[in-house]
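Chemist: return a 3D structure for these sequence lines:
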Amino acid sequence: MSGTAGRADRTEDGAGPRRPGSSRTPAPPARRGAVVAALMLAMALAALDGTVVATAVPQIVGDLGGLSVFSWLFSGYLLAVTVTLPVYGKLSDTFGRKPVLIAGTVLFLAGSVLCATAWNMPSLIAFRIVQGLGGGALQGTVQTVAADLYPLKERPRIQARLSSVWATSSVAGPALGGLLAGYADWRWIFLVNLPIGAVALWLIARHLTEPARERTRVRVDWPGALGVFATGTLLLTALVQGGVAWPWLSPPSLGLFAGAAALAAVTAAVERRAAEPVIPGWVWRRPTIAAVNLALGALGLLMVAPTVFLPTYAQSVLGLGPIAAGFVLSAMTLSWPISAAFSNRLYTRIGFRLTAVTGMALAVLVLLAFPLLPYPGEPWQPALLMLLLGAALGLFQLPLIVGVQSTVPWAERGTTTASVLFCRQVGQSVGAALFGAIANAVLATRLTEGALDDPAALTPTAVDAAVEYVYLGAAAAGVLALVALLTLAPRRFPVLTDDQAAAPD
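Modeler: As a prediction, this is how the structure comes out:
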């Protein structure tokens, strides 16, 4: 079979006999079900976080003040999650998934308690960063454990369940946040995490088991971890704050980008000399992993268009209220997990790469159709496009994650999963900066000077034009994903057998 690089001995559909004496012993169905429930609860903590907090921002600002810096409630959390993903991925490969998942959940819950006790906006931002430090462990390790639990043929089922958590959270989160902020107190949006997290912790501690491992001295690359963290923090701060807190070509922006470049060079030098680097070079030397990293980075870039700009379009152009605008966006999150759940029927026939290429090609067509919508149009029209976009992206993302996890053994799966999620998160940060600049440039050509600072001065036609250009940019990001897959990824992913991919005895 082409593209196996000598490492796989079966096709992508996962077929192939299990060898006698397999080191893989599947967990009993009852225990595996309990672990899956724990994973879904842990994922819910991270999935609900952003949507619940966003709804309560007016109440938080009214109580604590700090309107000028409230965006760091989200930016600080995003920074902490993104820069810790590679670190947690390596730690889970080194020490096992269970201790990393437990530590991350405890840290997230501790951050939640601290957020509920915040006395001003700076303290709340600092405690949100603590939450993000735990959230990085949740996002990466949950995906890795899901791949550990199931053989290749069954992985779409667990991945579809995890996707359904995100879909449910996107709909339920705003309602829950509004209910707690309006009828209780905004601090409860953080305290509600405690019972969810407690149940998840109990299920993980009781039911998640890992093979006994030989006790050897482990060398953790702490200098590399610190370098990754510092480099990511400077880079993402520059991307998040550039064009918002200061102009792109101002000394703060240029200084942050220069500092990030210098730290990246130092970190690369440290990683080359490390015995067990946090981000090993093989995640970029292996064509399959490199292609998926780039493709999911482009997906993160693309996702900024619907998630950030569609609600503004729905309210400013279509005249909808905030809740109705949220439901236009939720059409995408409803079709995504359904499409993902059925994607295995396609990739078992035509392969991971071609399935992902098909999904992204359809997504590009949907994104190109957005500027063709009539002005001002009806709400069902963008909702229909988002429904189609979710279905297309479900065919794109899940086959890539399942496929790339299936090309590496247990000891490399955490690092591999973290690397693709890290690239997706960085793509989102780059997309927010890039598409924000595009939207502002379009608005500036259609509004009088100074109107960008006054939301009331934004006209529907100007917003419509800006969002159309953003969607064209998202389509270009989709084309970049296609190029990465078609030029770098092998036609057939080098899938390992269950024996080869299993945890060591």
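
Chemist: C-alpha from now on. contacts and neighbour counts both.
Modeler: Will do.

Chemist: what's residue 407 sitting at in phi/psi?
Modeler: When read as degrees, to the nearest 10, the backbone of residue 407 gives phi -100, psi 0.

Chemist: what residue ranges in the stretch 251-400 of the chain score low on pLDDT?
Modeler: 322-323, 326 (pLDDT under 70).

Chemist: all strands for it, in order.
Modeler: Using DSSP state E, counting those that start in this stretch, the stretch 251-400 of the chain contains no strands.

Chemist: contact partners for residue 473?
Modeler: When contacts are counted by CA atoms under 8 Å, 6 or more residues apart in numbering, residue 473 touches 302, 435.

Chemist: do that again at 10 Å, thanks
Modeler: With contacts defined as CA atoms under 10 Å, 6 or more residues apart in numbering, the neighbours of residue 473 are 301-302, 305, 367-368, 431, 434-435, 438, 467, 479.

Chemist: now swap in residue 259 and tell me
Modeler: By CA under 10 Å, 6+ apart, the residues touching residue 259 are 230-231, 234-235, 238, 253, 265.

Chemist: next: residue 415.
Modeler: 85-94, 140-141, 144, 278-280, 283, 405, 408.

Chemist: give me the number of residues near residue 350?
Modeler: The number of residues packed near residue 350 is 15, by other CA atoms under 10 Å.

Chemist: any idea how far residue 492 is from it?
Modeler: Distance from residue 350 to residue 492, counting by CA to CA, to the nearest Å: 9 Å.

Chemist: in ChimeraX, select just the buried ones from the contacts of residue 473.
Modeler: To isolate the buried members of those in ChimeraX, using 16 or more other CA atoms under 10 Å:
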select :301,302,305,367,368,431,434,435,438,467,479
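
Chemist: in TSV: the contacts of residue 473, plus distance to residue 248.
Modeler: Below are the contacts of residue 473 laid out as TSV (distance: CA to CA, whole Å):
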residue	distance to residue 248
301	19
302	21
305	21
367	28
368	28
431	15
434	11
435	13
438	13
467	21
479	26
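
Chemist: and the contacts of residue 473, which is closest to residue 126?
Modeler: Nearest to residue 126 among the contacts of residue 473, counting by CA to CA, is residue 431 at 24.6 Å.

Chemist: that closest one - nearest residue in space that isn't next to it in sequence?
Modeler: Nearest non-adjacent residue to residue 431, counting by CA to CA, 6 or more residues apart in numbering: residue 301, 4.3 Å away.

Chemist: wait, doesn't that neighbour sit right on residue 436?
Modeler: No - using CA atoms under 10 Å, residue 301 is not in contact with residue 436; the gap is 11.6 Å.

Chemist: overlap in contacts, the two.
Modeler: In contact with both residue 301 and residue 436: residue 430, using CA under 10 Å, 6+ apart.

Chemist: which helix or strand contains residue 119?
Modeler: Of the helices and strands defined by DSSP states H and E, none includes residue 119.

Chemist: pull the contacting residues for it.
Modeler: Residue 119 neighbours (CA under 10 Å, 6+ apart): 63-64.

Chemist: give me that answer again for 7 Å
Modeler: Counting by CA atoms under 7 Å, 6 or more residues apart in numbering, residue 119 touches residue 64.

Chemist: how about residue 113?
Modeler: 190-191.

Chemist: doesn't it lie inside a strand?
Modeler: No - checked against DSSP: H, G, I helix; E, B strand; the rest coil, residue 113 lies outside a strand; its state is helix.

Chemist: what strand or helix carries residue 140?
Modeler: With DSSP H and E as criterion, residue 140 is part of helix 121-149.

Chemist: could you name the helices and strands sitting against that helix?
Modeler: Contacts defined by 3 or more CA pairs under 7 Å, 6 or more residues apart in numbering; DSSP states H and E place helix 121-149 against helix 29-55, helix 72-95, helix 97-116, helix 410-446.

Chemist: mind redoing it with 10 Å?
Modeler: helix 29-55, helix 57-64, helix 72-95, helix 97-116, helix 155-183, helix 380-405, helix 410-446 (3 or more CA pairs under 10 Å, 6 or more residues apart in numbering; DSSP states H and E).

Chemist: out of the ones you listed, which gets nearest to residue 294?
Modeler: The nearest among these, by CA to CA, is helix 410-446 at 7.0 Å.

Chemist: what about the closest one, average pLDDT?
Modeler: Model confidence over helix 410-446, given as mean pLDDT, is 82.

Chemist: list the buried residues for it?
Modeler: Within helix 410-446, the residues that count as buried by 16+ other CA under 10 Å are 410-439, 442-444, 446.

Chemist: again, but for stretch 367-378
Modeler: 367-371.

Chemist: what's next to it, contact-wise?
Modeler: Contacts for stretch 367-378 (CA under 10 Å, 6+ apart): 302, 305-306, 313-314, 316-319, 362-363, 381-382, 385-386, 388-389, 460-461, 464-465, 467-476, 478.

Chemist: circling back to that earlier point, quick one: average pLDDT of the helix holding residue 140?
Modeler: With pLDDT averaged residue by residue, helix 121-149 scores 87.

Chemist: which non-adjacent residue is nearest residue 466?
Modeler: That would be residue 439: by CA to CA, 6+ apart, it lies 4.8 Å from residue 466.

Chemist: how many neighbouring residues does the nearest residue to residue 96 once chain neighbours are set aside have?
Modeler: For residue 96, ignoring the flanking residues on the chain, the nearest one in space by CA to CA, 6+ apart is residue 210 at 7.5 Å. Number of residues near residue 210 (other CA under 10 Å) recorded here: 14.

Chemist: just residue 107 next, same as before
Modeler: Neighbours around residue 107, by other CA under 10 Å: 19.

Chemist: list the contacts for it?
Modeler: 101, 113, 130-135, 137.

Chemist: what number of residues lie near residue 99?
Modeler: Using other CA under 10 Å: residue 99 sits among 14 other residues.

Chemist: mind listing what it touches?
Modeler: 91-92, 105, 204-205.

Chemist: so how far is residue 105 from it?
Modeler: Distance, residue 99 to residue 105, by CA to CA: 10 Å.

Chemist: and for residue 338?
Modeler: With CA to CA as the criterion, residue 338 and residue 105 are 28 Å apart.

Chemist: I'd like to know how many residues surround the nearest residue to residue 163 once chain neighbours are set aside.
Modeler: Counting by CA to CA, 6+ apart, residue 163 lies nearest to residue 337, which is 5.2 Å off, once chain neighbours are set aside. The criterion is other CA under 10 Å. On that basis, residue 337 has 27 neighbouring residues.

Chemist: ok, the one 3 residues further on next?
Modeler: Here the count is done by other CA under 10 Å, and residue 340 has 27 residues near it.

Chemist: go ahead and confirm it touches residue 401.
Modeler: No - assessed by CA under 10 Å, residue 340 is found out of contact with residue 401, at 11.0 Å.
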